[in-house]
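> Dropping a prediction and its sequence here:
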Amino acid sequence: QKEVEQNSGPLSVPEGAIASLNCTYSDRGSQSFFWYRQYSGKSPELIMFIYSNGDKEDGRFTAQLNKASQYVSLLIRDSQPSDSATYLCAVNKETGNTPLVFGKGTRLSVIA
Amino acid sequence: ETGVTQTPRHLVMGMTNKKSLKCEQHLGHNAMYWYKQSAKKPLELMFVYSLEERVENNSVPSRFSPECPNSSHLFLHLHTLQPEDSALYLCASSQDRDTLFINYGYTFGSGTRLTVV
C-alpha cells in the first residue's frame, strides 16, 4: 500500500464550483497534514496545513481531516481558472521535524 | 533576498560531466532537504540535513553527493549521471523544532531542471 494516495485526475470543475480533492494515508501515527499547490513548471507552494480532526478554513480553502478514516481533503470554493494546478498532499508521521511524504498529486482544471 | 534560492534553473550535462546544484535559504531555518521530482511520480526524498548534520540518506546512488557547509547552504554534487536521472531537483527548508509537534511544512526553491544526455 502506498503511503499517501491521491487520484491523479485530471479533475475538471466549472468556474465558480467547489473543487474537492482527496487524500488517504497509510500510517496511523501521522500527525501533520499539508496541501501544496504546484503550477506547471514551478515549485510546490504551501497553501494549508492541519493537525486536528475537523475542518480548517482559510479564505476559499477548507482542509478537512478525519484521522479515524485516515483521510484528508481540500475543498476550494468558488473555483477560478487560476486555481488550475496540481495539488500535492503531504503527511509527516511523527511529531517534530520528520521528512514529509508526498502523494503523486491531483491535477485540477477549472474551466471558464 | 528572501526565501529559498536554487541555481542553476536549468542544467544539461553529459554522462561523464561533474556539476553541482546550489541551494541557499534566507529564512533562518535549520533543516534542508533535496527532493527529486520525476514525471508521474511522487516527490522522492533524497537527503535531509538538520542542524548541518545529514540525518537521512534515502538509498540514493553514490553518483549524487550532498554537502551542507552551514545551515543556509546546501549543495548536490553530480557525477557520471544516467539519463534516468533527468528530473526536477527541488531544495526545501524548514524549522526543526525539538519540542511540541508543530511542523509548518517546507518552503521550496524554484528547482533545477536537469537533463542528462
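Now that the structure is in, tell me what you want to look at.

> Just say helix, strand or coil for residue B:84.
Under the three-state scheme (DSSP: H, G, I helix; E, B strand; the rest coil), the conformation of residue B:84 reads as helix.

> number of nearby residues for it?
Taking other C-beta atoms under 10 Å in any protein chain shown as the criterion, the count of residues near residue B:84 is 8. Using the backbone N, CA and C atoms, a C-beta is placed for each residue, glycine as well.

> For the spatially closest residue to residue A:5 that is not a sequence neighbour, give me phi and psi.
Counting by C-beta to C-beta, 6 or more residues apart in numbering or on different chains, residue A:5 lies nearest to residue A:24, which is 5.0 Å off, once chain neighbours are set aside. The phi/psi pair for residue A:24 (degrees, to the nearest 10) reads phi -120, psi 150.

> Would you mind stating the distance between residue A:24 and chain B?
14 Å (C-beta to the nearest C-beta, to the nearest Å).

> Next up, the contacts around that residue.
With contacts defined as C-beta atoms under 8 Å, 6 or more residues apart in numbering or on different chains, residue A:24 is in contact with A:4-5, A:69-72.

> residues in contact with the helix or strand of chain A with the lowest mean pLDDT?
Among the secondary structure pieces of chain A, namely its helices and strands, strand A:101-102 has the lowest mean (mean pLDDT, DSSP states H and E), a mean of 90. Applying C-beta under 8 Å, 6+ apart, the set of residues contacting strand A:101-102 from outside is A:3-4, A:25, A:36, A:88-93, B:42-43, B:45.

> in its sheet, what does that strand sit against?
Partner strands for strand A:101-102, per DSSP bridges, with pairing direction: strand A:85-92 (antiparallel).

> Dump the strand it pairs with to CSV, restricted to CA.
Backbone C-alpha positions of strand A:85-92 (Å, rounded to 0.1, in the frame of the first residue of the first chain) are rendered in CSV as follows:
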residue,chain,number,x,y,z
ALA,A,85,-2.7,23.3,-10.9
THR,A,86,-1.5,20.1,-9.4
TYR,A,87,-2.4,19.8,-5.7
LEU,A,88,0.0,17.7,-3.6
CYS,A,89,-1.0,16.1,-0.3
ALA,A,90,1.9,15.6,2.2
VAL,A,91,2.0,13.9,5.5
ASN,A,92,4.5,13.7,8.3
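
> and stretch B:33-44, average pLDDT?
Looking at stretch B:33-44 alone, the average pLDDT works out to 90.

> C-alpha coordinates for that stretch, PDB please?
Below are the C-alpha coordinates for stretch B:33-44, written out as PDB (Å, rounded to 0.1, in the frame of the first residue of the first chain):
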ATOM      1  CA  TYR B  33      16.300  18.800   2.000                       C
ATOM      2  CA  TRP B  34      16.800  17.600  -1.500                       C
ATOM      3  CA  TYR B  35      13.900  16.100  -3.400                       C
ATOM      4  CA  LYS B  36      13.700  14.600  -6.900                       C
ATOM      5  CA  GLN B  37      10.500  15.100  -8.900                       C
ATOM      6  CA  SER B  38      10.100  12.900 -12.000                       C
ATOM      7  CA  ALA B  39       7.000  12.800 -14.200                       C
ATOM      8  CA  LYS B  40       4.100  10.900 -12.800                       C
ATOM      9  CA  LYS B  41       5.900  10.000  -9.600                       C
ATOM     10  CA  PRO B  42       5.600  11.500  -6.100                       C
ATOM     11  CA  LEU B  43       8.300  13.700  -4.800                       C
ATOM     12  CA  GLU B  44      11.200  11.500  -3.700                       C
END
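
> how about the residue nearest to residue A:101 when sequence neighbours are not counted, what does it touch?
The spatially closest residue to residue A:101, leaving aside those adjacent along the chain, is residue A:3, at 4.9 Å (C-beta to C-beta, 6+ apart). The contact partners of residue A:3, by C-beta under 8 Å, 6+ apart, come to A:25-27, A:91, A:101.
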